[in-house]
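Student: need a 3D model of the following:
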Amino acid sequence: RGTLVGTICVFLQLVTGAAQRHFGVREALVAHLLGAVVVILVLSWAAMWALEQYPHLALLAKLGRMLAVLVGLQMILGGLAFLVTVMGGDWPVTLRWAAPSAHVLVGAMLLACVLMMTLSSHRLLRPVAAPASTSLRKRAPAPRRRATSASMSSTIRWMRFHPPGPGFAPSGMGRPAELA
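Tutor: Residues are numbered from 1 along each chain as shown. Down below sits the predicted model:
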């Protein structure tokens, strides 16, 4: 869900940046600058989440590294674009158009990267469906205990208790003695 929030934040950043760039709306510039702070925090969290929680999933780890690099690059380009376009000054013509264009390009790459992370994490991390019914029976039977094995049972014929008495009929009941 965090990557979905990141995708939405980056999309809104692109909208506010486009409003500022194409229409010169000052309020959009303020929204874009404040939104940049939110996007940096959300995308930094998403990159750390992918790298710390799922380093064994190659796709998520690669997208996490790419996201971290793109966020850093976007911060540099955003600051440069702000200096060149908003602050003014005597900047070379090439830099006046290259910095904002590169900022827009990396913003689009960020959107693509975080969208790929959202879709791949949804696919790779979906919960495994539980079986329709769960058996209460154990997979393997319990090992036989000493008391229940035939050789150790106290109920085998030759170990039965016989009251004391003379000869082969110790109980005096007229039955023959039970010898193994």
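
Student: give me the pLDDT for Pro164.
Tutor: pLDDT recorded at Pro164 is 61.

Student: same deal with Gly167?
Tutor: Gly167 is assigned 54 on the pLDDT scale.

Student: longest helix in the protein, by number of residues?
Tutor: helix 93-124 (DSSP state H).

Student: buried stuff in it?
Tutor: 99-100, 102-104, 106-107, 109-111, 113-118, 120-121 (16 or more other C-beta atoms under 10 Å). Using the backbone N, CA and C atoms, a C-beta is placed for each residue, glycine as well.

Student: what stretches of this protein score poorly on pLDDT?
Tutor: 1, 125-180 (pLDDT under 70).

Student: count of residues packed around the nearest residue to Thr118 once chain neighbours are set aside?
Tutor: In this structure, Thr118 finds its nearest non-sequential neighbour in Thr3, 4.1 Å apart by C-beta to C-beta, 6 or more residues apart in numbering. Other residues near Thr3 come to 26 when the count uses other C-beta atoms under 10 Å.

Student: direction-wise, compare the strand or helix carrying Thr3 with helix 93-124 and give the angle.
Tutor: Under the criterion of DSSP states H and E, Thr3 resides in helix 2-23. For helix 2-23 against helix 93-124, the angle by axes from the mean of the first three to the mean of the last three C-alpha atoms, to 10 degrees is 150 degrees.

Student: and helix 2-23, what does it pack onto?
Tutor: The contact analysis (3 or more C-beta pairs under 8 Å, 6 or more residues apart in numbering; DSSP states H and E) places helix 2-23 against helix 26-53, helix 93-124.

Student: give the next helix or strand downstream of the shortest one.
Tutor: Heading C-terminal from helix 26-53, the first helix or strand you meet, by DSSP H and E, is helix 58-81.

Student: packing partners of that next one?
Tutor: Here helix 58-81 touches helix 26-53, helix 93-124, going by 3+ C-beta pairs under 8 Å, 6+ apart.

Student: buried stuff in the first one?
Tutor: Read that as helix 26-53. 28-29, 31-32, 35-36, 39-40, 42-43, 46-47, 49-51.

Student: picking that back up, okay if I get the helices and strands packed on helix 2-23 as TSV plus distance to Ala68?
Tutor: Listed next are these as TSV, based on distance: least, C-beta to C-beta, whole Å:
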stretch	distance to Ala68
helix 26-53	4
helix 93-124	10
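
Student: nearest to Met75, of those helices?
Tutor: The closest of the helices and strands packed on helix 2-23 to Met75 is helix 26-53. By C-beta to C-beta, the value is 6.6 Å.

Student: against Val39, how distant is Phe45?
Tutor: Quick fix: residue 45 is Trp, not Phe. Per C-beta to C-beta, to the nearest Å, Trp45 is found 11 Å from Val39.
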